[in-house]
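Asker: turn this into a structure:
(one chain, ligands or ions: 2)
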Amino acid sequence: MSKLLIRGATILTMEGPDAIIDNGEILMEDGWITHVGLPGSAPGYFDMDEVIEADGQVAMPGFINCHTHAAMTLLRGYADDMPLMKWLTDKIWPFEGRLTSEDIYWGTMLACLEMIKSGTTCFCDMYDFMPMVAQVVEKTGMRAVLSRGMIGVAPTGQRALADAEELVKEWNGKAEGRITVMLGPHAPYTCPPEYLDKVMNLAAKLKVGINIHVAETRTEFEDILKQYGKTPVQHLDSLGLFKFPVLAAHCVHLDQTDMEILAQKAMGIAYNPQSNMKLASGIAPVAQLLELGATVGIGTDGTASNNNLDMLEELRAGSFLQKVSTMNPEVLPAYRTLQMATIDGALCLGLGDRVGLIKEGMRADIILIDTRQPHMCPQHNLVANIAYAANSSDIRTVIIDGKLVMLDRVVLTIDEEKVMAEVQQRAKRLANES
Ligand SMILES: N[C@@H](CCSC[C@H]1O[C@@H](n2cnc3c(=O)[nH]cnc32)[C@H](O)[C@@H]1O)C(=O)O
Ligand SMILES: [Zn+2]
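Answerer: Ligands and ions are numbered 1, 2, ... in the order given. Here you go, the predicted structure:
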């Protein structure tokens, strides 16, 4: 049995705004959190395999990135300042057509490196060559929800269904339980109803959830309305999609009925504020969705539309954007926003019983944040300091599933220099092939 102890930390358990333990300790055994309490209270104190002294640091659940395309690190800075449809059809899809499985491997490696260094312990991915992504998840020690992106209108539509089924069979529950697989029909505008029927049949057969982009742009909203006489959300609802556990990404353009449907029927909504800003897609009505009782997590989207995977930046932007768009500074307060980046994200991914809280009985996905920094002084309010002032470089240590993945900013599972050199060289080749 492996026993790991964190001591001396201020623990932000995320179980509630008052659930903060000063100078606390967290015991982890075989990946489980088995004790959270005051100093000297952990059982078996003297036979730990590893003790992490965390004075001056905050321990909190790792961030959960609810929507990304990890290997798109290869496209970071390749196509900027364009609207979604033009961006996808003129730049992104032609580039992606040249990607090999090795490219995906290295691009995802870089994404995992960046995510670990910015405190993300779990991410939800939709892309191609997903067995490579699964291998990277296994090697790097991350937790992930993976889906093979499926574009029904593409010549690869049929193959994508077969790949998705294979991915579920090969990887669901693997990497010591850190990988969950969902189906990933890309969007209502790339997956016609007959194709979504096939996806739903497969989801029923394999008993897995569905990850899909929904109502991202006004163009999508208008096109779907014209084509089917319904909004994207109501179109998907009428097809029966929400009978499955659905994670809906974006949800920017919604009417009142759409919001009610999502609040009542979606497993979760992935709010991607910076991608939506950069592609000028709009602002998801998150404050209203939360009022209606929706479960909302935060995602960065891929690095071609963000352009980084920094969840601290994302959650701050997400909070501020809701404040300014509603002209109400009280919406998405600091603690609520941190919940969205942790436990609510876990709920969006169907992992709410496993991660997102520092609590006995949960798996140990924990980050340590150094608070002894000028930009976090003084400490009137720890929660506000983390949500509104911290930088991702303040994240010192990352534990995933009870294993040390980064210690004092050294990532233990990835050769940082090698990954950056590989990606640089591959990105250059891919761009030159155009
Ligand atoms: N090429 C695959 C499917 C790729 S799935 C994921 C797709 O989503 C694309 N993508 C990335 N960000 C966004 C976004 O914000 N909206 C819609 N699509 C996106 C991404 O570039 C990628 O093509 C096939 O064989 O059909
Ligand atoms: Zn996306």
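Asker: thought G77 was touching N307?
Answerer: Yes. If you go by C-beta atoms under 8 Å, G77 and N307 touch, sitting 6.3 Å apart. All C-beta atoms are positioned from the backbone trio N, CA, C, and that covers glycine.
Asker: so which of these two has more stuff around it?
Answerer: Set side by side, G77 and N307 show more neighbours around N307, with 20 against 10, by other C-beta atoms under 10 Å.
Asker: and the more buried one, that one's in a strand?
Answerer: No. Assessed with DSSP: H, G, I helix; E, B strand; the rest coil, N307 is coil; it does not lie in a strand.
Asker: neighbours of the closest residue to it other than its chain neighbours, just the number please.
Answerer: Leaving aside its sequence neighbours, N307 sits nearest to R76 (C-beta to C-beta, 6 or more residues apart in numbering; 5.2 Å). Applying other C-beta under 10 Å, we find 22 residues neighbouring R76.
Asker: next, whatever residue of the stretch 1-150 of the chain ends up closest to ligand 1: phi, psi?
Answerer: Nearest residue of the stretch 1-150 of the chain to ligand 1, counting by C-beta to the nearest ligand atom: G149, 1.9 Å away. Dihedral angles of G149 (phi, psi; degrees, to the nearest 10) stand at phi -60, psi 130.
Asker: tell me the contacts of it?
Answerer: 69, 126-128, 160, 184, 186 (C-beta atoms under 8 Å, 6 or more residues apart in numbering).
Asker: could I get the buried residue list for the helix or strand harbouring F95?
Answerer: Using DSSP states H and E, F95 sits within helix 93-96. For helix 93-96, a neighbour-count test (16 or more other C-beta atoms under 10 Å) marks 95-96 as buried.
Asker: one more: stretch 392-399?
Answerer: Residues of stretch 392-399 classed as buried: 392, 394-399 (neighbour count, 16+ other C-beta under 10 Å).
Asker: out of those, which is nearest to ligand 1?
Answerer: For those, the minimum distance to ligand 1 (C-beta to the nearest ligand atom) is 21.4 Å, reached by S392.
Asker: list the single closest residue to the closest one in space, sequence neighbours excluded.
Answerer: Distances taken as C-beta to C-beta, 6+ apart place S118 nearest to S392, at 3.6 Å, with adjacent residues excluded.
Asker: how about that neighbour, what does it touch?
Answerer: Counted by C-beta under 8 Å, 6+ apart, S118 has contacts 63, 308-312, 392, 395.
Asker: what two of the residues you listed are the furthest from one another?
Answerer: Distance extremes for the contacts of S118: the farthest pair is N308 and I395 at 14.0 Å, using C-beta to C-beta.
Asker: contacts only, for P131.
Answerer: So P131 contacts 101, 166-167, 170-171 (C-beta under 8 Å, 6+ apart).
Asker: filter these down to the buried ones.
Answerer: 167, 171.
Asker: in helices, which of the contacts of P131 appear?
Answerer: Using DSSP state H, 101, 166-167, 170-171 are the members of the contacts of P131 that sit in helices.
Asker: could I get those in TSV, plus columns for distance to ligand 1?
Answerer: Putting these into TSV (distance: C-beta to the nearest ligand atom, whole Å) gives the following:
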residue	distance to ligand 1
S101	12
E166	14
L167	13
E170	18
W171	17
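Asker: dump those into JSON lines; add pLDDT and distance to G268 as well.
Answerer: As requested, the ones in helices among the contacts of P131 are exported to JSON lines (pLDDT from 0 to 100; distance: C-beta to C-beta, whole Å):
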{"residue": "S101", "pLDDT": "97", "distance to G268": "29"}
{"residue": "E166", "pLDDT": "98", "distance to G268": "25"}
{"residue": "L167", "pLDDT": "98", "distance to G268": "20"}
{"residue": "E170", "pLDDT": "98", "distance to G268": "25"}
{"residue": "W171", "pLDDT": "98", "distance to G268": "21"}
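Asker: still on that earlier bit, include pLDDT when you put the buried residues of stretch 392-399 into JSON lines, please.
Answerer: As requested, the buried residues of stretch 392-399 are arranged in JSON lines below (pLDDT from 0 to 100):
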{"residue": "S392", "pLDDT": "97"}
{"residue": "D394", "pLDDT": "98"}
{"residue": "I395", "pLDDT": "98"}
{"residue": "R396", "pLDDT": "98"}
{"residue": "T397", "pLDDT": "98"}
{"residue": "V398", "pLDDT": "98"}
{"residue": "I399", "pLDDT": "98"}
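Asker: in the helix or strand hosting L236, what counts as buried?
Answerer: Here L236 sits within helix 232-239, counting by DSSP H and E. Neighbour counts using 16+ other C-beta under 10 Å place 232-237, 239 of helix 232-239 among the buried residues.
Asker: what is the nearest of those residues to I369?
Answerer: Nearest to I369 among the buried residues of helix 232-239 is V233, at 36.7 Å by C-beta to C-beta.
Asker: do I have it right that M126 meets H69?
Answerer: Yes. If you go by C-beta under 8 Å, M126 and H69 touch, sitting 6.0 Å apart.
Asker: which of the two has more neighbours?
Answerer: Taking neighbours as other C-beta under 10 Å, M126 and H69 compare with M126 leading, 27 against 24.
Asker: wait, a strand at that one?
Answerer: Yes. According to three-state DSSP, M126 belongs to a strand.
Asker: so where does A59 fall, helix or strand?
Answerer: Using DSSP H and E, A59 sits within strand 57-61.
Asker: helix or strand right after that strand?
Answerer: By DSSP H and E, the next helix or strand past strand 57-61 is strand 63-68.
Asker: name the next helix or strand following that following strand along the chain.
Answerer: helix 84-86.
Asker: now tell me what touches that following helix from outside.
Answerer: The contact list for helix 84-86, computed with C-beta under 8 Å, 6+ apart, reads 216-217, 219, 279, 281.
Asker: what's the average pLDDT for that helix?
Answerer: In this model, helix 84-86 carries a mean pLDDT of 92.
Asker: again, but for stretch 350-365
Answerer: Computed over stretch 350-365, the mean pLDDT rounds to 98.
Asker: going forward, count from 24.
Answerer: Sure, I'll start numbering at 24, so the last one becomes stretch 373-388.
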